[in-house]
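> this is a predicted model, with the sequence first.
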Amino acid sequence: MAVLGALLLAAIAVLCFFLAVQLINLFALKKLGRFPHCGANPFVSVLVPARNEAGNIADCVRSLLEQDYPSFEVIVLDDESEDATWEILCRLARRVERLRLLKGLPLPAGWVGKCWACHQLAEQARGDYFLFVDADTRHKPGMLRAAVDAAFFYGTDLLTAMPGERAETLSETLAIPLVTWGTFAALPLPLAFALPSPTLTITIGQFLLFRRGAYEQIGGHAAVAGQVVEDMELGKLVKSQGFRWRLLDGGAVVRCRMYTNFRAAVNGLSKTIFGALNYRALPVFFFSLLLALIFCLPPLTLLAAAAGVGLPKLPVFRAAAAVLLALLSWGIANVRFRMPWYATFLYPAIAGITIFIFFHSMILTLKGKARWKGRVLSGRKFRW
């Protein structure tokens, strides 16, 4: 019982830390669309890599073409799609001067598909700024204006934004809120903005606005050709070379539905999580134990007490305190990022599924069986 009490006390301490970070980030994470007009209209190349995106590409491209910004182009690359993506793009491109289409070349050895597609897009782009967006995003007409204004306000070389993530089904709600909660609670943003350490970055691949010169100087996507989490690696390169980076909340102008069912969510997160942990096993075990400690142990303790298991009052009291702190933490993140209200009460299940995804990602990657968009991602050697 002494061990249980100590573990629950540790859970309370960790949750207090996460809550403190969230309260800091409530003020530090600024929203796109709330910056003063910069008075400039640099030419922006909006670059969209698309592979097997027949269900998304039309709405994405239409929303980009409807931007009220005066100086931009949209370039979409079809990355050897096996569905009707190319045919849909060809219909959209008729009599639309701003839209250019590219047929992607075969994937070279050593490249991840998205990096290769983005590299080809950048080679054809004419803009002073490159905005890389995913095909599952939807953009309000003021998005480009808002992004340029924010980039000029901060003088950024890389501006990245968190889209408003949509979770429309219960199965999506069991996977997606982890992304928003983790981003919001893991890193105090004022510290990340102030310190030059490349590890203190969060970069969202769904929305990356580069100043062209900075993108070219870091080597572009060719510098991260084999990385599954290319967005995070690009962010690290930007900071390591002394360029300016900012993370914003883009939910007011960009929306995204990453996955439409539970299986797609598990597969999608599994392809990236082990890579985000630098393909090391110890962080998988550490973060899994941490999630179990703060989000699974306290409610299980309360359930055991309710079932009649004889537990001292102190561990039960600590478990109740930890549950209340966890509900507050998840509630703050879910309200800020417009997740379904009931997601807050599902946090123990979300944590359990996340632990499964951690190990699923590691095992698939090490076996060389991780797949995305019909392609097998290269396996990695085991590293502790």
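It's in.
> list the buried ones in stretch 146-160?
146-154, 156-160 (16 or more other CB atoms under 10 Å). (C-beta placed from N, C-alpha, C; glycine too.)
> hmm, which two among these are most spread apart?
The largest separation in the buried residues of stretch 146-160, counting by CB to CB, is between 146 and 157 at 17.9 Å.
> can you pull the contacts of residue 341?
Residues in contact with residue 341 (CB atoms under 8 Å, 6 or more residues apart in numbering) are residue 334.
> which pLDDT does the model give it?
If you check residue 341, the pLDDT there is 86.
> roughly how far apart are it and residue 258?
From residue 341 across to residue 258, the span is 20 Å (CB to CB, to the nearest Å).
> buried stuff in the top helix by length along the chain?
Ranked by residue count and defined by DSSP state H, the top helix of the chain is helix 2-28. Residues of helix 2-28 classed as buried by neighbour count (16+ other CB under 10 Å): 4-5, 7-8, 10-12, 15, 18-19, 21-22, 25.
> stretch 165-184 now?
By 16+ other CB under 10 Å, the buried positions in stretch 165-184 come out as 165-167, 171-184.
> now stretch 357-366
Buried, per 16+ other CB under 10 Å, within stretch 357-366: 357, 358, 359, 360, 361, 362, 364, 365, 366.
> any idea how far the nearest residue to residue 337 once chain neighbours are set aside is from residue 334?
Take residue 337 and drop its neighbours on the chain: the residue closest to it by CB to CB, 6 or more residues apart in numbering is residue 180, 4.2 Å away. Between residue 180 and residue 334 the computed distance is 8 Å (CB to CB).
> try residue 310
Applying CB to CB, the value for residue 310 to residue 334 is 35 Å.
> just the ones in strands from the buried residues of stretch 146-160, please.
Among the buried residues of stretch 146-160, the residues falling in strands (DSSP state E) are 158, 159, 160.
> mind giving me the packing neighbours of the helix or strand hosting residue 48?
Assigned by DSSP states H and E, residue 48 falls within strand 44-50. Strand 44-50 sits against helix 57-65, strand 72-78, helix 113-124, strand 129-133, helix 143-154, with contacts defined as 3 or more CB pairs under 8 Å, 6 or more residues apart in numbering; DSSP states H and E.
> tabulate the CA atom coordinates of it in PDB.
What follows is strand 44-50, C-alpha atoms only, in PDB (Å, rounded to 0.1, in the frame of the first residue of the first chain):
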ATOM      1  CA  VAL A  44       3.400  32.300 -51.900                       C
ATOM      2  CA  SER A  45       3.700  28.900 -53.400                       C
ATOM      3  CA  VAL A  46       1.100  26.600 -51.800                       C
ATOM      4  CA  LEU A  47       2.400  23.000 -52.200                       C
ATOM      5  CA  VAL A  48       0.200  20.000 -51.800                       C
ATOM      6  CA  PRO A  49       1.600  16.400 -52.000                       C
ATOM      7  CA  ALA A  50      -1.100  13.900 -52.700                       C
END
